[in-house]
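Engineer: Structure of the sequence below:
(2 chains)
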Number of protein chains: 2
Amino acid sequence: MISLAKKALEAKDFLSSVTEKQKNAALLEIAKSLRNNAQTIIEENKRDIENGERAGLGKGLLDRLMLNTQRIEDMAKGVESVAALDDPCGIVLEEKTRPNGLIIKKITVPLGVIGIIYEARPNVTADAAALCLKSSNAVILRGGKEAINSNIAIASVMRNAIKNQGFDKNCIQLVTDTSRESANEMMRLDGYLDCLIPRGGKNLIKTVVKNSTVPVIETGSGNCHIYVDEFADTDMAARIIFNAKTQRISVCNACESLVIHSGIINEALPKIKAALDKKSVEIRGDERAMLAADGILPASDEDFAEEYLDYIISVKTVDSLDEAIRHINKYSTRHSEAIITENGDNAAEFLRRIDSSSVYVNASTRFTDGGEFGLGAEIGISTQKLHARGPMGLRELTTTKYLIYGNGQIRE
Amino acid sequence: MISLAKKALEAKDFLSSVTEKQKNAALLEIAKSLRNNAQTIIEENKRDIENGERAGLGKGLLDRLMLNTQRIEDMAKGVESVAALDDPCGIVLEEKTRPNGLIIKKITVPLGVIGIIYEARPNVTADAAALCLKSSNAVILRGGKEAINSNIAIASVMRNAIKNQGFDKNCIQLVTDTSRESANEMMRLDGYLDCLIPRGGKNLIKTVVKNSTVPVIETGSGNCHIYVDEFADTDMAARIIFNAKTQRISVCNACESLVIHSGIINEALPKIKAALDKKSVEIRGDERAMLAADGILPASDEDFAEEYLDYIISVKTVDSLDEAIRHINKYSTRHSEAIITENGDNAAEFLRRIDSSSVYVNASTRFTDGGEFGLGAEIGISTQKLHARGPMGLRELTTTKYLIYGNGQIRE
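Structural biologist: Numbering: from 1, shown residues only, chains lettered A, B, ... in the order given. Reported below is the predicted structural model:
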């Protein structure tokens, strides 16, 4: 691992001097090579699928693991779309001349070396490498053992492609040891890694946050709430909630919990339930919710903290906006929350006091996404507050640097 | 500690709705109260000084601990100057309307609850609290045991002052248990603390970075280099190096190591040595440095990694700019480095490839400072890359939040 890390430092130094044109050429070469080597990648992927079937992986996991020509084409197109984005490096954020004549510029620069720990999806290998390359970062990728043969094939294609364009191939490196030990070693690479991004399930992210001494960008988990205010349009509420809960249940911006004002629950909940019934969503509510509509199951306190990622939703009844905000700030994972209301003051208070990355008025939480926010690409959704919050694009893979130009200034 | 943390969450919610005017009134009230209660604070400080003398604290430490009328006046003035700064919250960084009609605003908001772990200087208690209050953050302060009586007195004055202005006094809290255990508990306050900032010596910072599961902003240590290029003005080099090494030896932006091109070392080093001799600086160099000037002691590899904070400096001889950059990137703490050169290309390459927060051409590294960079105030100097890099002002105590305004949008 240390030998990989040392090679990454060399690659970082190499990347400090490449131009945007060179980076784009390397990315287009990667896309071309992925297409040209699709058959080899698919063959290696078959070995992963066979191993996975033998190991008894579930259907969902096997599907996420599987590659075919179409999926490799999508990967290549993804890399091309990253090439088409603006270069996030070298942007002058500030420039000032101090009274002593010093000229101080603050510019964006790559983070340096980024580590990415992820799970079974082999497309992350290409996505993450492309985003890191476009932002002039060296990357060390460590995917899950389920996808190891696919990842080795994809990484090898990418490394050869950038080498053909005159790049240090160690700008992209893959950890081939998929033991727990190798992940732990990565989390301790202080002085080599500038940042570690875990991508995957709750447990992976928790483990990395707890054990890493390298700075981490926490991504992912979303116990997202929708609050139906006393002054809500209840038809709109039902439409938005149906979308936020059922349009895709396995994602972090799906709605997991409803908070409904007691003054409107008798009107709102039957409509919401009728909508959710179309996809047989199980509703677990507190006592007042159970009285407001038929067929609501009882909710426990644990339900309010749960990210179901399933056709289940919880309902909490409140008597005021203040109570709603306190409930949400207590249970949310600070990802995305929405208020449905026609009252501007209540909307403003909700936007101000809710402590989440993305706070909505009258829209579905499902929009929290790099593409939907117009970032062009996304490396993950940050639920922490340092460095990046919400959907992270290329800019979030940069840091800043002060350049100071003098002519002999000393401090008095 | 959990009870403090819960009170901080309440205070955070309170602060989400205060105006700039209210914050400034609270800060001015703090300044006034510090002045009015100077005698009480000085009496409590005397107890710390007596305990410190009994415990055999060194002169330097006792001096940093000591408060008198003048130092309390400086504290009060510091708080007033923070009140005069612009509010860093609520700034609209981006605003766009998406094709589906969603209006997305990205605004600056407080981090939330900030923990600060520091050592013996009681003025940090007032400084840090003022910066946190101005940026609408609740703060939990944990100073060193040496200053505990002073800190309790200062915190109590500040808490009463803001309460007089209608604030939740728990916007400012002090941990009165100064055991190692209380620091460890603070480092594990995930879900309460949004960020932890250690201020103090290398060991304190290292301990917090290693053990904290709360996101940390690493501040401080500086093994700062000055590279004397082949094309340097050697008189300027000597002047800048004398300033960077000796103007104040105990600070993180002081120069600790010189790197000198072999083509100029015979001209440069005698001049540099003559300057440093005025303050009896010990010079430890490699073999070629020892040949270039009389009275140079031998340097070991450990010397190149050392942050002396003393009248000592190391010298490494190199044969190229590339070798200089590699040496510096290997040994630096990524704080501040300078090149002395009249060659524009070499300056540009140094600025591009040196991986430090602040990179200088022909100026002293001593300028890396919030005041000198025009930030108005400084909570510390970040040597990490996530969130903040280099001197951190009020803006670095904020994060961002997306506000999304819809009229019923759902995701297709």
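Engineer: For the rest of this, base every contact and every neighbour count on C-alpha atoms.
Structural biologist: Will do.
Engineer: Quick check: end-to-end length of stretch A:295-303?
Structural biologist: 17 Å (C-alpha to C-alpha, to the nearest Å).
Engineer: What residues sit buried inside that stretch?
Structural biologist: A:296-297, A:299, A:303 (16 or more other C-alpha atoms under 10 Å in any protein chain shown).
Engineer: Chain B contacts on the stretch 101-250 of chain A?
Structural biologist: Neighbours of chain B within the stretch 101-250 of chain A, by C-alpha under 8 Å from any C-alpha of the partner chain: A:104, A:111, A:194-195, A:209-211, A:213, A:215-216, A:236, A:239-240, A:243-244, A:247.
Engineer: Pick the one among those residues closest to residue B:30.
Structural biologist: When those are ranked by distance to residue B:30 (C-alpha to C-alpha), residue A:104 comes first, at 33.7 Å.
Engineer: Give the buried residues for the helix or strand hosting the closest one.
Structural biologist: Secondary structure assignment for residue A:104, by DSSP states H and E: strand A:103-110. Neighbour-count burial for strand A:103-110 flags A:103-110 (criterion: 16+ other C-alpha under 10 Å).
Engineer: Ok, stretch A:11-27 next?
Structural biologist: Within stretch A:11-27, the residues that qualify as buried are A:11-16, A:20, A:23-24, A:26-27, counting by 16+ other C-alpha under 10 Å.
Engineer: Which members of the residues you listed occur in helices, if any?
Structural biologist: Applying DSSP state H to the buried residues of stretch A:11-27, the entries found in helices are A:11-15, A:20, A:23-24, A:26-27.
Engineer: Quick check: which of these are also close to chain B?
Structural biologist: Of the residues in these, proximity to chain B by C-alpha under 8 Å from any C-alpha holds for residue A:13.
Engineer: I'd like the ones in helices among the buried residues of stretch A:11-27 written out as a markdown table, with pLDDT added.
Structural biologist: Output for those, formatted as a markdown table (pLDDT from 0 to 100):
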| residue | pLDDT |
| --- | --- |
| A:11 | 97 |
| A:12 | 97 |
| A:13 | 96 |
| A:14 | 97 |
| A:15 | 97 |
| A:20 | 97 |
| A:23 | 98 |
| A:24 | 98 |
| A:26 | 98 |
| A:27 | 98 |
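Engineer: of the ones in helices among the buried residues of stretch A:11-27, closest to chain B?
Structural biologist: Using C-alpha to the nearest C-alpha, residue A:13 is the member of those that sits closest to chain B, with 6.5 Å.
Engineer: which stretches of the stretch 201-350 of chain A have low pLDDT?
Structural biologist: Scanning the stretch 201-350 of chain A for pLDDT under 70 picks out nothing.
Engineer: hmm, try it at 90
Structural biologist: Scanning the stretch 201-350 of chain A for pLDDT under 90 picks out the ranges A:201-206, A:209-213, A:215, A:217-221, A:250-251.
Engineer: Quick one: the helices in it, in order.
Structural biologist: Remark: helices assigned in the stretch 201-350 of chain A by DSSP state H, counting those that start in this stretch are A:202-211, A:234-246, A:265-277, A:287-292, A:301-305, A:321-331, A:344-353.
Engineer: Give me the contacts around the fifth one.
Structural biologist: By C-alpha atoms under 8 Å, 6 or more residues apart in numbering or on different chains, the list of residues contacting helix A:301-305 from outside reads A:223, A:257, A:284, A:314, A:316, A:331-332.
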